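Engineer: coordinates only, sequence not included:
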């Protein structure tokens, strides 16, 4: 049972990470004011 749960946790983590990266890339393309360096005034 433990390897199954570890696999589920691993794939869930990978899907969430990939989804967040794709969302960040799409957000960057839609809103050019967003920068990778953080706040700069």
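Structural biologist: That came through, no problem. Keep in mind it's a predicted model, so treat the numbers as computed, not measured.
Engineer: can you pull the pLDDT of the residue nearest the centre of the chain?
Structural biologist: With distances taken as Cα atoms, centre = their mean, residue 20 lies nearest the centre of the chain, 2.2 Å away. Note on residue 20: pLDDT of 98.
Engineer: same question, residue 39
Structural biologist: 61.
Engineer: now swap in residue 34 and tell me
Structural biologist: On the pLDDT scale, residue 34 gets 72.
Engineer: so it makes contact with residue 28?
Structural biologist: Yes - assessed by Cβ atoms under 8 Å, residue 34 is found in contact with residue 28 at 5.2 Å. Just so you know, the C-beta spots here come from the backbone N, C-alpha and C atoms, and that holds for glycine as well.
Engineer: those two - which one has more neighbours?
Structural biologist: Using other Cβ atoms under 10 Å as the criterion, residue 34 and residue 28 rank with residue 28 on top: 13 against 10.
Engineer: tell me, how many neighbours does residue 10 end up with?
Structural biologist: 10.
Engineer: how near is it to residue 25?
Structural biologist: As judged by Cβ to Cβ, to the nearest Å, residue 10 and residue 25 stand 23 Å apart.
Engineer: ok, residue 32 next?
Structural biologist: The value you get for residue 32 to residue 25, if Cβ to Cβ is used, is 13 Å.
Engineer: residue 31 now?
Structural biologist: Distance of residue 31 to residue 25, given as Cβ to Cβ: 12 Å.
Engineer: what's the answer for residue 15, then?
Structural biologist: 16 Å.
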